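Participant: Here is a sequence with its predicted model. Questions after.
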Amino acid sequence: MNYLNTINSPKNLKTMPHEHLRGLAKEIRHFLVRSISKTGGHLAPNLGVVELAIALHYCLDTPNDRIVWDVGHQSYVHKLLTGRRDEFVQLRKFGGMSGFPKASESPYDSFDTGHSSTSISAAYGLAVSRDLLGQSHKVVAVIGDGSMSGGLAYEGLNNVGRSKSNMMIILNDNQMSISKNVGALSKYLNNLRVNESYNDAKKEVRRLLKGVPVAGKPTKRFITKAKARLKYMLLPGALFEHMGFKYYGPVDGNNLHAMIDLLQKVKQIEGPVLIHVRTKKGKGYAPAEAEPAMFHGVEPFHPATGKLKAEPKTTYSDIFGKKMISLGHANKKIAAITASMPNGTGLAGFAQVFPKQFFDVGIAESHAVTFAAGLAKNGLIPVVAIYSSFLQRAYDQILHDVCIQNLPVVFAIDRAGFVGGDGETHQGLFDLSYLAHMPNMTILAPANAQELEAMLEFAVNLGSPCAVRYPREAADFKALAKPTPIEFGKWNVLEDGEDIAILPIGAMSAVGREVFEMLKNEGLRPTLINPRFVKPINAACAVLLRNYRHVFVLEENVTAGGFGSMLRDALTAQKIYIPIVHSFAAPDKFIPQGSRAELLQMLGLSAPSIYDRITEILNYDTP
């Protein structure tokens, strides 16, 4: 029987006979593998939470009851159960369904999530506002997949635990984040087991203590303390109990009927509750169980074998990883740091070659940066590899702990610019703006793979804070017209011309070259410049531009605070009021999911669109 096709909302789920639910779980796993093999997406995390998602919607009254999914990449089953089955054909596609919870997409998505460790704080806000408004619905935060290594989760726990609000936290412990979990908390959770001896001992001691006659307050206090000591001696979740939670677990999160029974009981309990469930990432699909990190977020693949449909291309992350190994051999003071992404950032190879110089700190970007500052303060050269959208989470640490002390920390900023299917929460369109106004910070953007290698070598020898930002796209190996060594603050003039200049930043170099050729074919003689340095803008470079009427900057960053904005300020500081600087950049809004080509076209940043706009400007400027 096809159970899944009968589920258009959780109301349908609640009418399903109990004995059919396991069949539904099996069908959901089959659907996910088949569907994601075509579209790509987050497979392993969702295979692991099938039973948990079914149990939640079976026991709760959603959308009246609220579920906040941490990070949100494990919300696919939730989306299937809430009427979005047919939308999976356009999962993470331009104009299609998001791969993360979005309140604008469905009333069942109670809070937009895309970054780690936010669910507890957000759910607490939903719970407190419910109490203040005299409402009575349930609020649940589902956190896991490594998110408990983020500091914000503990800030939330600290406040929820001391409150009296009715709220449930489900800790989905699959021993994984994107890669294997690390850290003391992971070790603590791994040591927790359902302890039958504890349960038996607790019952027996309670029975004995009940038989002791209470002869006054001292005896009563003794009995109370004895019970408390027994509890904290034997209880697996003593940490959470100390924080103010009623703790249940660890329980098998892939045991559907056990989860339903537990949730039905626990949802009646007053005050904050934490349920510790154990699930298997990738469950039910052998390739994902064997390699959960690979199938965390995967491109289209052959479901029978798990092999990718397209041959993997060499990415900038690959180039970065190989160069880091080379730099590590050349200088033993180099250390590499990542926030739970040794594979995604390309550092897995470095970790194998230099295990003592590699640090995976878990999903803890703020800690990664301040830890790097400490390393640098005592003479090491730390390279912090974090995606652009995640580095935002460490803004204050970059400013306060690195830049103020002018420490030689290198930031390898992966996924800068448009990132495709992950959408608004992951677009790397803000790093130039949030880094450029920090004193002592140098920012570089390579035009191709060879420049990335050269810039990394430059950065580790600079002796001050330095960021190198590069895209998610396949690496560009096309040689530049006039390759030159990296010199501090110096631009690379690729093609000499007159009247107008085109300055593409980093990954926009290919588009800039195409625009240059189109203008050249129209009889114009534009100048093509590879700035390399977003910051600083050398005074001599600024003076170079006074020979042009118009300068066109092409960048994958928001307009506000981007390179175009900085260039206008630099020219003004040099009292250069011509040329006019035009910025082709992302607008002041959040950009949805879509391929890079689709987004460039939509935003007027494709080569034909830029060419049309430039010719319009030049025609208007002609007397």
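Facilitator: Received, thanks.
Participant: Return the per-residue confidence for the residue nearest to Asp499 when sequence neighbours are not counted.
Facilitator: Of all residues beyond its chain neighbours, the one nearest Asp499 is Arg549 (5.6 Å), with distances taken as CB to CB, 6 or more residues apart in numbering. Every C-beta, even on glycine, is put in place using the N, C-alpha and C of the backbone. For Arg549, the pLDDT comes out at 95.
Participant: Let me see the domain layout of the protein.
Facilitator: Here the domain parsing of the chain from automatic domain parsing is 4-194+236-290, 195-235, 316-469, 492-621.
Participant: List the contacts of the residue nearest the centre of the chain.
Facilitator: Among the residues of the chain, the one closest to the centroid is His115, at 4.8 Å (CA atoms, centre = their mean). Counting by CB atoms under 8 Å, 6 or more residues apart in numbering, His115 touches Val71, Ser389, Phe390, Arg393, Thr425.
Participant: Just list the residues touching the second one, thanks.
Facilitator: By that I understand Ser389. Taking CB under 8 Å, 6+ apart as the definition, contacts of Ser389 comprise His115, Arg415, Val419, Thr425, His426, Gln427, Gly428, Phe430.
Participant: For those, pick the one with the most neighbours.
Facilitator: Arg415 (27 neighbours; other CB atoms under 10 Å).
Participant: Now that one: closest residue in space that isn't a chain neighbour?
Facilitator: Tyr387 (4.3 Å).
Participant: That neighbour contacts His426, correct?
Facilitator: Yes. With contact defined as CB atoms under 8 Å, Tyr387 reaches His426; the gap is 7.4 Å.
Participant: Now the common contact residues for those two.
Facilitator: Common neighbours of Tyr387 and His426, counting by CB under 8 Å, 6+ apart, are Arg415.
Participant: By mean pLDDT, which helix or strand of the protein comes out lowest?
Facilitator: helix 196-210 (a mean of 52; mean pLDDT, DSSP states H and E).
Participant: So what pairs up with Tyr247 in the strands?
Facilitator: Leu274 (DSSP bridges).
Participant: distance of it from Met566?
Facilitator: 52 Å (CB to CB, to the nearest Å).
Participant: Could you do Ala447 as well?
Facilitator: Applying CB to CB, the value for Ala447 to Met566 is 18 Å.
Participant: just Glu27 next, same as before
Facilitator: Relative to Met566, and taking CB to CB, Glu27 is found at 54 Å.
Participant: who's more crowded, these two?
Facilitator: More crowded of Glu27 and Met566, by other CB under 10 Å: Met566, with 21 against 18.
Participant: and that one, what element?
Facilitator: Secondary structure from DSSP states H and E places Met566 in helix 563-573.
Participant: C-terminal to that helix, what's the next element?
Facilitator: According to DSSP H and E, the helix or strand after helix 563-573 is strand 580-586.
Participant: what's the angle between that next one and helix 563-573?
Facilitator: 160 degrees (axes from the mean of the first three to the mean of the last three CA atoms, to 10 degrees).
Participant: which outside residues touch strand 580-586?
Facilitator: Residues from elsewhere that reach strand 580-586 (CB under 8 Å, 6+ apart): 427, 429, 549-559, 562-565, 567-568, 571, 603-605, 610, 613-614, 617.
Participant: filter those residues to the buried ones?
Facilitator: Burial of the contacts of strand 580-586 was assessed by neighbour count (16 or more other CB atoms under 10 Å); the buried members are 427, 429, 550-559, 562-565, 567-568, 571, 603, 605, 610, 613-614, 617.
Participant: In strands, which of those residues appear?
Facilitator: Assigned to strands by DSSP state E, the following of these qualify: His550, Val551, Phe552, Val553, Leu554, Glu555, Glu556, Asn557, Val558.
Participant: Check the spacing between the second one and Leu545 real quick.
Facilitator: According to CB to CB, Val551 stands 6 Å off from Leu545.
Participant: Quick check: neighbours shared by these two?
Facilitator: Ala501, Leu567, Pro579.
Participant: if we can go back for a sec, roughly how far apart are the residue nearest to Arg415 and Ala412?
Facilitator: Tyr387 sits 10 Å away from Ala412, going by CB to CB.
Participant: Over to Pro287?
Facilitator: Distance from Pro287 to Ala412, by CB to CB: 30 Å.
Participant: Could you do Ala258 as well?
Facilitator: Relative to Ala412, and taking CB to CB, Ala258 is found at 44 Å.
Participant: cool, Leu56 as well?
Facilitator: 38 Å.
Participant: okay, the two: which has more neighbours?
Facilitator: Ala412 (31 against 27).
Participant: secondary structure class for the more buried one?
Facilitator: Classification of Ala412 by DSSP: H, G, I helix; E, B strand; the rest coil places it in strand.
Participant: Ramachandran coordinates for the closest residue to it other than its chain neighbours?
Facilitator: Distances taken as CB to CB, 6+ apart put Ala385 closest to Ala412, at 4.2 Å, once the chain neighbours are dropped. The phi and psi values for Ala385, taken as degrees, to the nearest 10, are phi -100, psi 110.
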